Structure formats: C-alpha cells, structure tokens
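Undergrad: here's my sequence, what's the structure:
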Amino acid sequence: MTTTAHYSIRHQLFDLPHLVPGKRQRHLKGVLLLMHQGAGLLQLGRHYYPLVEGEAAFLPADTLFAWHGFAHSRLSRVELSPRLNQPTSAGRLAPSPLLVAIAARLADWPGEQDWQGAHGRLCRILHDELQLQTLLPAASQPPLQKLVTANPTAFTLASAQEAEFRRRFGCDADSFRRQCALLLVLRDLAKSPNLEQLVQSHGFTSVPQFEQDCRHWLAHPCHRSGKTG
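TA: The predicted model follows:
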C-alpha cells in the first residue's frame with residue numbers, strides 16, 4: 001500500500017471503543033479535527049473544550065494542545081503541511097456540509113490511499129473547502145458546550161437539557177463526567193503524593209471506584225505513574 005507519510009495532506013480516522021487520553025504536544029503541521037460521532041475534549045492551556053458530532057477545530061502548526069477521545073467516538077484528523085495555505089490561529093468551526101461529506105468519505109475509504117488517485121484528489125478538495133470556513137475562537141461555543149467547559153466533571157443539567165446532551169454528545173451526562181474525572185486524575189497522578197485524596201478531589205468515592213472506572217472506560221488499566229499531559 002502506498003505510504004502517506006510525506007504527503008502534504010494526510011487523513012487519519014480514529015474510531016474509539018474506549019476513552020483514549022491524549023498528551024499535550026506541539027505538531028509540525030496544521031491539524032484539523034472533525035467529529036463524526038460522539039465527543040471528545042480539546043485541551044488548550046488550562047481549558048478543556050468539548051467537540052461533538054458535526055463540529056470541528058483547527059490547530060495551526062506549533063500549537064500546544066492535546067486531544068482526548070471519548071469512548072464510542074469517531075474522529076477525522078487531517079494534517080496539513082505548513083507549505084499549504086491554512087488558518088493561522090487556533091479555533092473551532094461549524095464545518096460546511098461539503099467539508100463534512102468529504103471527511104466522511106475519507107473516513108470510510110475502502111481502498112488504497114493513493115495520493116495520485118481519487119483519495120489524493122479528495123484530500124486536496126478538503127483543503128480547498130477548509131479555506132472557505134469561518135474560524136471562531138475556541139471559547140465561542142453553543143450554550144451546552146460552554147456549560148461543560150466551565151466544569152467538565154461536575155456540570156449540572158436541567159431535565160430539559162438531558163435529551164439534547166445525549167443526542168449531541170453521544171452519551172449520557174454521567175458517562176461524560178466520569179470520563180472527564182478519569183482524565184484529570186491521570187493528568188495529576190505523577191505529581192500527587194496522596195492517591196486517595198486525589199481521586200476524591202475529582203469526585204470518586206474511593207480508589208477502588210477509580211480503579212473500577214479505569215477498567216470500564218480505558219483500553220489499558222490505570223497505573224500509579226500514568227500521566228496524560
């Protein structure tokens with residue numbers, strides 16, 4: 001199969017059965033994240049911004065960020081060479097129907113990812129369509145996402161919001177909060193001398209409950225030295 005490592009545009013699909021914590025790092029290329037299903041958290045600085053089905057974010061080259069993919073989510077990640085025209089600031093966007101359709105076609109691509117063939121042409125069309133999108137500040141979010149950003153592990157919903165949350169995030173609010181709590185514990189594990197105190201500060205009743213959630217949500221068991229950045 002033809003390699004895509006040195007192409008100026010590279011598409012990857014992440015179809016996640018489990019919570020996959022990310023690690024904060026800088027990337028040499030611009031990165032477009034587009035959600036096909038479920039939800040995840042984009043970590044920029046001290047803030048965690050949720051992305052849900054039908055939403056996207058762009059991170060220019062050299063942006064320090066982490067992407068945390070939640071269980072049962074599906075995400076297109078598109079890397080763009082800095083030689084290509086692209087947005088120069090990080091932000092979120094409401095992708096056009098065409099951009100969503102192209103990303104979905106690439107996500108379900110059945111054959112060889114040939115840069116000189118149809119796959120490469122779709123990647124180039126996706127890049128062209130990205131230039132037409134309106135990029136908004138990361139903090140410019142719909143009300144439900146703002147509520148989550150303000151307190152990812154302990155936000156509360158009115159009864160009228162629960163159905164909307166499940167529809168947009170692909171899970172119930174408690175499942176989302178539990179995964180957020182796991183991420184924060186894993187982030188702080190290496191610098192915390194007291195595991196019991198740490199897990200309780202993030203809403204777990206005990207270390208055994210934390211370990212149970214690790215087994216339920218993560219592909220690999222939690223380790224005391226774990227860290228997500």
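Undergrad: helices and strands around the top helix by length along the chain, which ones?
TA: Scanning the chain for the helix with the most residues, using DSSP state H, yields helix 173-188. Contacts defined by 3 or more Cβ pairs under 8 Å, 6 or more residues apart in numbering; DSSP states H and E place helix 173-188 against strand 39-44, helix 159-169, helix 195-201, helix 207-217. (Each C-beta comes from the backbone N, C-alpha and C, glycine too.)
Undergrad: try 10 Å
TA: Using 3 or more Cβ pairs under 10 Å, 6 or more residues apart in numbering; DSSP states H and E, the elements in contact with helix 173-188 are strand 39-44, strand 47-52, strand 64-69, helix 143-150, helix 159-169, helix 195-201, helix 207-217.
Undergrad: now that helix - C-alpha only, CSV.
TA: Taking Å, rounded to 0.1, in the frame of the first residue of the first chain, the C-alpha atoms of helix 173-188 are listed here in CSV:
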residue,chain,number,x,y,z
ALA,A,173,-24.0,13.3,31.1
ASP,A,174,-22.8,11.0,33.9
SER,A,175,-20.7,8.9,31.5
PHE,A,176,-19.2,12.1,30.2
ARG,A,177,-18.4,13.4,33.6
ARG,A,178,-16.9,10.1,34.7
GLN,A,179,-14.5,10.1,31.7
CYS,A,180,-13.6,13.7,32.4
ALA,A,181,-12.8,12.8,36.0
LEU,A,182,-10.6,10.0,34.9
LEU,A,183,-8.6,12.3,32.6
LEU,A,184,-8.0,14.8,35.4
VAL,A,185,-6.8,12.1,37.8
LEU,A,186,-4.5,10.7,35.2
ARG,A,187,-3.2,14.1,34.5
ASP,A,188,-2.3,14.7,38.2
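Undergrad: mind listing what's buried along that helix?
TA: In terms of neighbour count (16 or more other Cβ atoms under 10 Å), helix 173-188 has its buried residues at 173, 175-188.
Undergrad: and for stretch 26-45?
TA: Residues of stretch 26-45 classed as buried by neighbour count (16+ other Cβ under 10 Å): 29-36, 38-44.
Undergrad: okay, how far is it across that stretch, tip to tip?
TA: By Cα to Cα, to the nearest Å, the extent of stretch 26-45 from end to end equals 12 Å.
Undergrad: do the same with stretch 88-99
TA: 19 Å.
Undergrad: residue contacts, residue 83?
TA: By Cβ atoms under 10 Å, 6 or more residues apart in numbering, the contact list for residue 83 reads 8, 29.
Undergrad: same check on residue 49?
TA: Counting by Cβ under 10 Å, 6+ apart, residue 49 touches 40-43, 55, 57, 65, 92, 138-141, 145-146, 148-149, 152.
Undergrad: dig out what the nearest residue to it once chain neighbours are set aside forms beta bridges with.
TA: Leaving out its chain neighbours, the residue that sits closest to residue 49 by Cβ to Cβ, 6 or more residues apart in numbering is residue 42, at 4.6 Å. Residue 42 has the following beta-bridge partners by DSSP bridges: residue 49, residue 67.
Undergrad: just the element for residue 193, please.
TA: Assessed by DSSP states H and E, residue 193 sits outside every helix and strand.
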